[in-house]
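Novice: sequence below, structure please.
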Amino acid sequence: MNTAGTRLTILGGGGFRVPLVYGALLGDRAEGRVTHVTLHDTDERRLRAVAGVLSEQAAGRPDAPEVAVTTDLDLAVTGADFVFSAVRVGGLAGRAADERIALAEGVLGQETVGAGGIAYGLRTVPVAEEIARRVKALAPEAWVINFTNPAGLVTEAMSRHLGDRVIGICDSPVGLGRRVARVLGADPDEAWPDYAGLNHLGWLRGLRVRGRDELPRLLADPELLGSFEEGRLFGADWLRSLGAVPNEYLHYYYFGRETVAAYRAAARTRGAFLADQQTAFYDAPTLASWNRTRAEREATYMADNREASGDTGGRDRADLEEGGGYEKVALRLMRAIARDERTTLILNVRNGTTLGVLDAAAVVEVPCLVDANGAHPVAVSPLPEHAVGLVTAVKAVEREVLRAAATGSRAAAVKAFALHPLVDSVGVARRLVDAYTEEHPGLAYLTKP
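Specialist: Numbering: from 1, shown residues only. Sure thing, here's the model as predicted:
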């Protein structure tokens, strides 16, 4: 790494959440901090809009990281110490189409889960693999931090080219662990989460505070269970039955019918809402309008799921103030690697021998020790049978997506949809592939048997 300062490239640099990352960088005062940020995007208008917001953030800060913008991928990654990948292939219009097409078949269209996640993965994996190839060729010593969704699937695709130098991040398990720690009266920075699964498909099975597992105390107390988001979302009885606290995205599996019904009854899907909201921001991009838009975005996160569960209380203030937190995870990860500031984070990494039900190359989401040599998964207890079923089924789906992307096989794409626990018919799977390939130019490669 550069001793004078670290160079960070953000792919998807015109994305709405980039100012969160830059804000975290502005707060980093330590030696070796990021001093140069390159924003890359295929949309120059969005790049300029976000660069303007970053300029406002940096006002009055002479030591703020320098910002450059480019639409040239090779130029962007050359010389980078870290490459932060947060691209959205097809944009929010593509997300809205994914949701609409799935809901028309009566199945879930969420961007990372079920039919919508598969469609998104099919058009994103080829792009992510090309990014990985260019990074390997032009910046072989760089570390890639992947936040491109579906994060676990995309990280596994990139790892086939970059090995352990690509690490996936997600704010969901981090937020879950911090919420449970706060409810139990513990310092979130000192509690150890026993968490394992795949991205958006994991379970908190324990929370150790000063050597003692405090999760049983939470599960035995209905009042405590009703005092945080996952407790209200899933219900105390179901959490006690599981003996664990699931990642919020498991609501799509455990309450699938209710969620689909809520999504179909909504005036517009989440993707359509965000597309309208961000169009207004990019038409008049300022730091003030970004802050207003972000506040509304955070307040309405998973609102349809909460409605399906009868939770009308809104999001907790602490979660709204943290603003998701993925930028803090990214900064901690970069600092740990660049400065050998050892830390523990829940990350998406290659499995090795961590989860015995999956092979070594499978990307999993587990606690990791991070140092200058990267992220090292920590041994975890075996998954319970109910979790094994979901994890292995969804990993099989991801593998079919990777096969379809590698071969252009339409049959593999159909198989990916048909095998997913939230798609209930091979006939539905075939119609979904037909509809998605007609909608998305990025799926034109699915032409082989």
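Novice: gap between Ala97 and Glu229?
Specialist: 29 Å (Cβ to Cβ, to the nearest Å). C-beta coordinates here come from the backbone N, C-alpha and C atoms, glycine included.
Novice: please read the previous query as pertaining to Ala413.
Specialist: From Ala413 to Glu229 the distance is 34 Å (Cβ to Cβ).
Novice: those two: which is more packed in?
Specialist: Ranked by neighbour count (other Cβ atoms under 10 Å), Ala413 and Glu229 place Ala413 first, with 27 against 21.
Novice: quick check: which element contains the more buried one?
Specialist: helix 410-419 (DSSP states H and E).
Novice: mean confidence score for that helix?
Specialist: Taken as a whole, helix 410-419 carries a mean pLDDT of 98.
Novice: buried residues, stretch 249-263. List them.
Specialist: 249-253, 255-256, 258-260, 262-263 (16 or more other Cβ atoms under 10 Å).
Novice: where exactly do the helices run in the stretch 51-200 of the chain?
Specialist: 73-77, 91-104, 114-138, 151-162, 171-183 (DSSP state H, counting those that start in this stretch).
Novice: right, so of the ones you listed, which gets closest to Leu422?
Specialist: helix 114-138 (3.9 Å; Cβ to Cβ).
Novice: and the closest one, what other elements does it pack with?
Specialist: Here helix 114-138 touches helix 73-77, strand 82-85, helix 91-104, strand 143-146, helix 151-162, helix 385-407, helix 410-419, helix 426-439, going by 3 or more Cβ pairs under 8 Å, 6 or more residues apart in numbering; DSSP states H and E.
Novice: among those, which comes closest to Ala280?
Specialist: Comparing the helices and strands packed on helix 114-138 under Cβ to Cβ, the one sitting nearest is helix 91-104, at 12.3 Å.
Novice: may I have that closest one as CSV, with CA atoms only?
Specialist: Taking C-alpha atoms only, helix 91-104 is exported to CSV below (Å, rounded to 0.1, in the frame of the first residue of the first chain):
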residue,chain,number,x,y,z
GLY,A,91,-30.2,0.9,-13.2
LEU,A,92,-33.3,1.4,-11.0
ALA,A,93,-35.5,1.0,-14.1
GLY,A,94,-34.1,-2.5,-14.4
ARG,A,95,-34.9,-3.2,-10.7
ALA,A,96,-38.4,-1.9,-11.1
ALA,A,97,-38.9,-4.2,-14.2
ASP,A,98,-37.6,-7.2,-12.2
GLU,A,99,-40.1,-6.5,-9.5
ARG,A,100,-43.0,-6.0,-11.9
ILE,A,101,-42.4,-9.1,-14.0
ALA,A,102,-42.1,-11.3,-11.0
LEU,A,103,-45.2,-10.0,-9.2
ALA,A,104,-47.2,-10.5,-12.4
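Novice: chain center to that helix, what's the gap?
Specialist: 18 Å (Cα atoms, centre = their mean, to the nearest Å).
Novice: what residues does that helix touch?
Specialist: Outside helix 91-104, the residues within contact range by Cβ atoms under 8 Å, 6 or more residues apart in numbering are 88, 90, 108-111, 114-116, 119-120, 123, 260, 263-264, 269-272, 274-275, 278, 432, 435-436, 439-440, 442.
Novice: now list the buried members of those residues.
Specialist: So, by 16+ other Cβ under 10 Å, the buried ones in the contacts of helix 91-104 are 88, 90, 108-111, 114-116, 119-120, 123, 260, 263, 269-272, 274-275, 278, 432, 435-436, 439-440, 442.
Novice: between the buried residues of stretch 249-263, which is nearest Gly79?
Specialist: Nearest to Gly79 among the buried residues of stretch 249-263, with distances taken as Cβ to Cβ, is Tyr249, at 36.3 Å.
Novice: state the distance from the closest one to Thr279.
Specialist: The value you get for Tyr249 to Thr279, if Cβ to Cβ is used, is 26 Å.
Novice: what's the answer for Ala244, then?
Specialist: With Cβ to Cβ as the criterion, Ala244 and Thr279 are 40 Å apart.
Novice: more crowded one of these two?
Specialist: Neighbours of Ala244 and Thr279, each counted by other Cβ under 10 Å, are more numerous for Ala244; the result is 21 against 11.
Novice: in stretch 412-424, what's buried?
Specialist: Of the residues in stretch 412-424, those buried (16+ other Cβ under 10 Å) are 412-420, 422-423.
Novice: and the two most separated of those?
Specialist: Longest span within the buried residues of stretch 412-424, Cβ to Cβ: Ala412 and Leu422, 18.5 Å.
Novice: so what's Arg410 closest to, chain neighbours aside?
Specialist: Nearest-residue entry for Arg410: Leu446, 4.7 Å, with adjacent residues in sequence omitted and distances by Cβ to Cβ, 6 or more residues apart in numbering.
Novice: what residues are up against the one you found?
Specialist: Per Cβ under 8 Å, 6+ apart, neighbours of Leu446: 122, 404, 408-410, 413, 433, 437.
Novice: try it again at 6 Å.
Specialist: Leu446 sits next to 408, 410, 413, 437 when contact means Cβ atoms under 6 Å, 6 or more residues apart in numbering.
Novice: of those residues, closest to Cys170?
Specialist: For those, the nearest to Cys170 is Ala413 (24.8 Å; Cβ to Cβ).
Novice: returning to what we had before: return the most buried member of the helices of the stretch 51-200 of the chain.
Specialist: Most buried of these, by mean neighbour count (mean count of other Cβ atoms under 10 Å): helix 151-162, with a mean of 26.
Novice: what angle separates that one from helix 114-138?
Specialist: Angle, helix 151-162 to helix 114-138, by axes from the mean of the first three to the mean of the last three Cα atoms, to 10 degrees: 30 degrees.
Novice: could you export helix 151-162 as PDB, CA atoms only?
Specialist: Coordinates of each C-alpha in helix 151-162 appear next as PDB, following Å, rounded to 0.1, in the frame of the first residue of the first chain:
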ATOM      1  CA  ALA A 151     -23.500  -9.500  -3.000                       C
ATOM      2  CA  GLY A 152     -22.700 -13.100  -2.200                       C
ATOM      3  CA  LEU A 153     -23.300 -14.300  -5.800                       C
ATOM      4  CA  VAL A 154     -21.300 -11.400  -7.400                       C
ATOM      5  CA  THR A 155     -18.400 -11.900  -4.900                       C
ATOM      6  CA  GLU A 156     -18.200 -15.600  -5.800                       C
ATOM      7  CA  ALA A 157     -18.200 -14.700  -9.500                       C
ATOM      8  CA  MET A 158     -15.300 -12.200  -9.000                       C
ATOM      9  CA  SER A 159     -13.400 -14.600  -6.700                       C
ATOM     10  CA  ARG A 160     -13.000 -17.000  -9.700                       C
ATOM     11  CA  HIS A 161     -10.600 -14.400 -11.100                       C
ATOM     12  CA  LEU A 162      -9.400 -12.600  -8.000                       C
END
